[in-house]
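Novice: I'd like to go over a predicted model; first the sequence, then the structure.
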2 protein chains.
Amino acid sequence: MKQYNRDNMADLLRGHGINPTHQRIEIAYALFSRQQHLSAEQIMATVNDRHSETSKATVYNTLKLFLDKNLIREVIVDPSKVFYDPNTQNHHHFYNTASGHLTDIDAAGISILGLPMLPEGVETEGVDIIVRIRPSERPGLV
Amino acid sequence: MKQYNRDNMADLLRGHGINPTHQRIEIAYALFSRQQHLSAEQIMATVNDRHSETSKATVYNTLKLFLDKNLIREVIVDPSKVFYDPNTQNHHHFYNTASGHLTDIDAAGISILGLPMLPEGVETEGVDIIVRIRPSERPGLV
DNA sequence: TTGAGAATTAGACACAGTCCAGATATTGAA
DNA sequence: TTCAATATCTGGACTGTGTCTAATTCTCAA
Ligand SMILES: [Mn+2]
Ligand SMILES: [Mn+2]
Ligand SMILES: [Zn+2]
Ligand SMILES: [Zn+2]
């Protein structure tokens, strides 16, 4: 699926066992059409851009539903809010701590060597690499 | 420094340019004597165990001061709270999503291959690896 | 002893996220 | 078509972290 519009959003939702409602389509469209990492607040603002149509409770309920159905994933990098990620491929992130902007890093080219064995009785749920970045201070300028 | 007690806490604080007060010593002692990852709430509960002596504002102010002076670091793995880490060595974490427990992974033995180049104009602030783990479902038992 | 600066405090406040009971929309059997 | 069962949505109260501020208390050098 290359181009995202409200029509194929419904199919996308159905494909994940989600009943496509008006609100769910708008929320999915906000995430998938931009292919960006958005906070719940940003999603609500986007969806209610022109006229208010979707409540806060529905935004949170819907995001939780999407997570549950593996349509999206969440990214925990900021202590004050969760980011929602339409990319469920195995990948990692650059996190610009100054701007709050997340960028994907494809996991395909990456390997982590030397991880110790898991403690007894647990299994891996996922491995996240977060590269925290900031605007470089360029000594010699300014 | 092998054994942590309230006396050498004061030296530890001074060594980081922090004026050792009663409250700061208690908070540092809570973290360093346990060598564990604690939330602000857990730290306040620990410090005020017997009789209340340290306010919420002081706990947060002090943790921020410790961070600023690089005495501790924070670990962002849970959307609802920050963990404070007395280990400032370069290291990574196992995070048990069921219990909320963090375990250190020494960075010494670990290498990450294939990370892409940084975007223009930014520099690396830090690289975090978080291995999310959960109790293994053991099919065949129960 | 004293008072200026440092530190602490209670409690109001901010704000992301949760919860709930009532309203609304959808569905499908009759 | 009808209408009741089910699914979804909603406003608004509420919770839990974390922040802020003005007032109080502490510390220490003079
Ligand atoms: Mn809409
Ligand atoms: Mn104490
Ligand atoms: Zn991503
Ligand atoms: Zn740690």
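Specialist: Received the coordinates, thanks. Ligands and ions are numbered 1, 2, ... in the order given.

Novice: Quick check: can you list the domain ranges of chain A?
Specialist: A:6-82, A:89-133 (automatic domain parsing).

Novice: closest to ligand 2 out of the ones you listed?
Specialist: domain A:6-82 (26.3 Å; Cβ to the ion). For every residue, glycine as well, the C-beta is placed using N, CA and C.

Novice: nearest to residue B:28, of the domains of chain A?
Specialist: Residue B:28 sits nearest to domain A:6-82 of all these, at 21.0 Å, using Cβ to Cβ.

Novice: The closest one near ligand 3 anywhere?
Specialist: No - taking Cβ under 5 Å from the ion as the criterion, domain A:6-82 and ligand 3 are apart, separated by no less than 5.6 Å.

Novice: Distance from the chain centre to the lowest-mean-pLDDT helix or strand in chain A, please.
Specialist: Least confident helix or strand, chain A: helix A:6-15 with a mean of 94, by mean pLDDT, DSSP states H and E. How far helix A:6-15 lies from its chain's middle: 18 Å, per Cα atoms, centre = their mean, to the nearest Å.

Novice: Other residues contacting the helix or strand that comes right after it?
Specialist: Sequence order places helix A:22-34 as the next helix or strand after helix A:6-15, per DSSP states H and E. The contact list for helix A:22-34 (Cβ atoms under 8 Å, 6 or more residues apart in numbering or on different chains) reads A:4-6, A:9-10, A:12-13, A:18, A:38, A:43, A:46-47, A:53-54, A:58-59, A:62-63, A:65-66, A:71-72, A:84, A:86.

Novice: tell me the average confidence for whatever helix or strand comes next after helix A:22-34?
Specialist: Downstream of helix A:22-34, the first helix or strand assigned by DSSP H and E is strand A:38-39. Model confidence over strand A:38-39 averages 98 on the pLDDT scale.

Novice: Residue A:38 and residue A:83 touch, don't they?
Specialist: Yes - counting by Cβ atoms under 8 Å, residue A:38 does reach residue A:83; the two are 6.7 Å apart.

Novice: Tell me the residues of chain A that contact DNA strand C?
Specialist: With Cβ under 7 Å from any atom of the strand as the criterion, chain A meets DNA strand C at residues A:21, A:22, A:39, A:40, A:41, A:56, A:57, A:60, A:64, A:80, A:81, A:82.
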